[in-house]
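Visitor: Sharing a sequence plus its predicted fold:
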Amino acid sequence: MSTILKIRVGDIAEFKKPHPCGNRLFRVLRVGSDVRCVCLQCGRDLLLDRLKFEKAVKRLTSQEPEDPDHV
């Protein structure tokens, strides 16, 4: 059984395969059953379902410290 990846708005995701522009880094804009992110090099918007996003991500870097009181 796999664990659910904790994705938050503002996180930087590094994908396993590069975007056509050659960049691998994307900023997460929206999280839900779909994940919306934007390429940090060309600004292209990308919408993936959560399962495809989790399979495509190599590394996820959080931009903000995790707030345990936030729900």
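Guide: Yep, it's here. Numbering: from 1, shown residues only.
Visitor: going forward, measure contacts between C-alpha atoms and count neighbours the same way
Guide: Will do.
Visitor: right, and the secondary structure at C42 would be what?
Guide: At C42, secondary structure determined by DSSP: H, G, I helix; E, B strand; the rest coil is coil.
Visitor: how many other residues sit next to the closest residue to it other than its chain neighbours?
Guide: In this structure, C42 finds its nearest non-sequential neighbour in C21, 6.9 Å apart by Cα to Cα, 6 or more residues apart in numbering. Residues contacting C21 under the criterion other Cα atoms under 10 Å number 10.
Visitor: what's the answer for the one 10 residues further on, then?
Guide: V31 sits with 15 neighbouring residues when counted by other Cα under 10 Å.
Visitor: That one and R8 touch, don't they?
Guide: Yes - under the criterion of Cα atoms under 8 Å, V31 is in contact with R8, at a separation of 6.6 Å.
Visitor: Just the pLDDT at the residue nearest to C42, thanks.
Guide: Per-residue confidence at C21 stands at 94 (pLDDT).
Visitor: Tell me where the model's unsure across this protein.
Guide: Counting by pLDDT under 70, the chain contains low-confidence residues at 1-2, 64-71.
Visitor: just the strands in it please.
Guide: 12-15, 25-31, 34-39, 45-49, 57-61 (DSSP state E).
Visitor: Could I get these in TSV, plus columns for distance to T3?
Guide: Listed next are the strands of the chain as TSV, based on distance: least, Cα to Cα, whole Å:
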stretch	distance to T3
strand 12-15	17
strand 25-31	17
strand 34-39	17
strand 45-49	16
strand 57-61	14
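Visitor: burial measure for the spatially closest residue to V38 that is not a sequence neighbour, as a count.
Guide: Leaving aside its sequence neighbours, V38 sits nearest to D45 (Cα to Cα, 6+ apart; 4.5 Å). Residues within reach of D45, counting by other Cα under 10 Å, total 14.
Visitor: If anything else comes up later, I'll come back, but that's it for now.
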